[in-house]
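J.: give me coordinates for this.
(4 chains)
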Protein chains: 2
Amino acid sequence: MPRRHQQPGDNALAQAPAGQGLQVKGRIWLERDGQTYLSWGRVVLLERIGQAGSVAAAARSMGMSYRHAWGLVREMNQAAGLPLVERRAGGQGGGGAMLTEAGQGEVTNFWALAEQFQAWLSARRPRQPGDALPRG
Amino acid sequence: MPRRHQQPGDNALAQAPAGQGLQVKGRIWLERDGQTYLSWGRVVLLERIGQAGSVAAAARSMGMSYRHAWGLVREMNQAAGLPLVERRAGGQGGGGAMLTEAGQGEVTNFWALAEQFQAWLSARRPRQPGDALPRG
DNA sequence: CTACGATATGTTTTACAAAACATAACGCAG
DNA sequence: CTGCGTTATGTTTTGTAAAACATATCGTAG
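T.: Purely as a prediction, here's the structure:
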């Protein structure tokens, strides 16, 4: 698979109303002690883990390698300081994973933040290059 | 030089007040017809070209290869539809470059947007994982 | 006409993240 | 105790953007 991770338009955080070709884009994420904790892709992953009941299925559903998803889950759990995803290996169905209540909370919280950001972006209208500057 | 392009903290757009280790970060940029037009690094480059009087000196001053800076200037001029930077090869000092009025305007405009974004980010305070969700 | 320092590009190398590949271990069902 | 699909990792490959390298050209000064 060619490298296709976050292309424009994928990102719910990146859209803006487009003032004819020119648009303000942006992205937000949460960091914990300098390392990325939650971002758009990570939260989608969490969400799908919650839906699918396994990291493997969630990863498959979004064209992500299990190896990568696994690493992200690990990082997120660690950075959160408490598990957002609980996993078990073996057992019926081979095992699985589920979002904890804290994990669900983080998802909800992040989407709320994202929505606010989206609203903020939507309120901006980029000035065309060459247009007069606002007086100062 | 090792690859070090935009690390956390470099980016004037990325800071937030830090709710003890956990912080909201973000980045904004302008796109024109889907391609990046202005971003933090690009605007710094423009600014320094204005100060230094040449693309080469500006690039040097920020540890960027001339080759790369040249490409960025080219892209920005093209995407703007009018020159933000005017260059001349040869002549006294070997040549040089300067910001056009439009270029200066874009810089000013971008920093204004960045400042608004910074203010927006600063107003967010991330909820700690595990904290109760706002009721809903 | 030569030297200088810049612009202008083409070409090659490198660094790194993501992807791909490869196993091991787990634990219940049958 | 075997099979299954998952979690759990280590290892290798690959795709890509940036960096590095290499020239050619430009135009004024001397």
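J.: in chain A, which spans are strands?
T.: Chain-ordered strands for chain A, with DSSP state E as the definition, fall at A:22-32, A:35-38, A:85-89, A:95-99.
J.: how about the lengthiest helix in chain A, does it reach chain B?
T.: Criterion DSSP state H: the longest helix present in chain A is helix A:101-123. Yes. For helix A:101-123, a contact with chain B is found by CB under 8 Å from any CB of the partner chain, at A:102, A:105-106, A:108-109, A:113, A:116-117, A:120-121. Any C-beta I mention is one placed from the backbone N, CA and C, and that applies to glycine too.
J.: which residues does that helix contact?
T.: Identification of contacts with helix A:101-123 by CB atoms under 8 Å, 6 or more residues apart in numbering or on different chains yields A:12-13, A:15-17, A:24-26, A:28, A:30, A:38, A:40, A:43, A:46-47, A:50, A:80, A:82-85, A:99, B:24, B:26, B:28, B:117, B:120, B:124, B:126-127, B:129-131, B:133.
J.: how close does residue A:122 get to residue B:111?
T.: For residue A:122, the distance to residue B:111 equals 21 Å [CB to CB, to the nearest Å].
J.: of these two, who's got more company?
T.: Neighbour tally, residue A:122 and residue B:111, criterion other CB atoms under 10 Å in any protein chain shown: the higher count belongs to residue B:111, 16 against 12.
J.: quick check, central residue of chain A?
T.: Residue closest to the average C-alpha location in chain A (CA atoms, centre = their mean): residue A:40, at 1.5 Å.
J.: thought residue A:27 was touching that one, still the case?
T.: Yes. Counting by CB atoms under 8 Å, residue A:27 is a contact partner of residue A:40 at 7.0 Å.
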